[in-house]
Each structure stands twice: as C-alpha cells, then as structure tokens.
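Trainee: Mind folding the following:
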Amino acid sequence: AESQGSLDVPQEEPQKNSARKLTSKSFNSAATKKGANAPSGMQRRQLENQLHVKKNKYVTLKKELVEKQ
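Mentor: Numbers count the residues shown, from 1 in each chain. Have a look, this model is predicted:
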C-alpha cells in the first residue's frame, strides 16, 4: 500500500505545475502587451480609433442583418 501511495503523489504534482506554468505564461504575455502599449500615446490613440472603427462596422452590419430579417 505504501509503494502505491508514493507512486500516486508524483503523478499529481507535474499536472499542477504545468497548469501553473500555463497561467503564468498567459498572464505574462498580457502584462507585456499592456506595457508595450502604455508608453506611447500615439499608439494608444491609433488602437482606440481602430476599436471605434471595428465597433461601428459591427453595429452597421448588425443593423443591416436586422433589417434583412
């Protein structure tokens, strides 16, 4: 029974570690993206403009769809 118990524990550990690594990786990539955008105001404005354009396109497309139905 003791040998079985010692076999079960190591199998659980790596899974937890890999999950932790995945979450930290995704968090780090998000943090670096924010850091890259923060310093330049021009870039931020361009991104905001892109967002507005995409939103407007989406809204107009949705209106057209609703009108067609």
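Trainee: mind giving me the domain ranges of this structure?
Mentor: The record assigns the chain these domain ranges, following automatic domain parsing: 1-38, 40-69.
Trainee: where in the chain is pLDDT low?
Mentor: Applying pLDDT under 70 to the chain flags residues 1-39.
Trainee: give me that answer again for 50
Mentor: The model of the chain has pLDDT under 50 over residues 37.
Trainee: how near is residue 42 to residue 65?
Mentor: Distance, residue 42 to residue 65, by CB to CB, to the nearest Å: 35 Å. (Each C-beta comes from the backbone N, C-alpha and C, glycine too.)
Trainee: actually residue 57, not the one I wrote
Mentor: Per CB to CB, residue 57 is found 13 Å from residue 65.
Trainee: cool, and residue 54?
Mentor: Here residue 54 is placed at a distance of 16 Å from residue 65 (CB to CB).
Trainee: Residue 69: neighbouring residues, count only.
Mentor: By the measure other CB atoms under 10 Å, the count of residues near residue 69 is 5.
Trainee: With residue 62 instead?
Mentor: 10.
Trainee: how much space between it and residue 44?
Mentor: Taken as CB to CB, the span from residue 62 to residue 44 is 27 Å.
Trainee: which other helices and strands contact the one helix or strand residue 56 maps to?
Mentor: In the assignment (DSSP states H and E), residue 56 maps to helix 41-68. If contacts are counted by 3 or more CB pairs under 8 Å, 6 or more residues apart in numbering; DSSP states H and E, helix 41-68 sits against helix 2-37.
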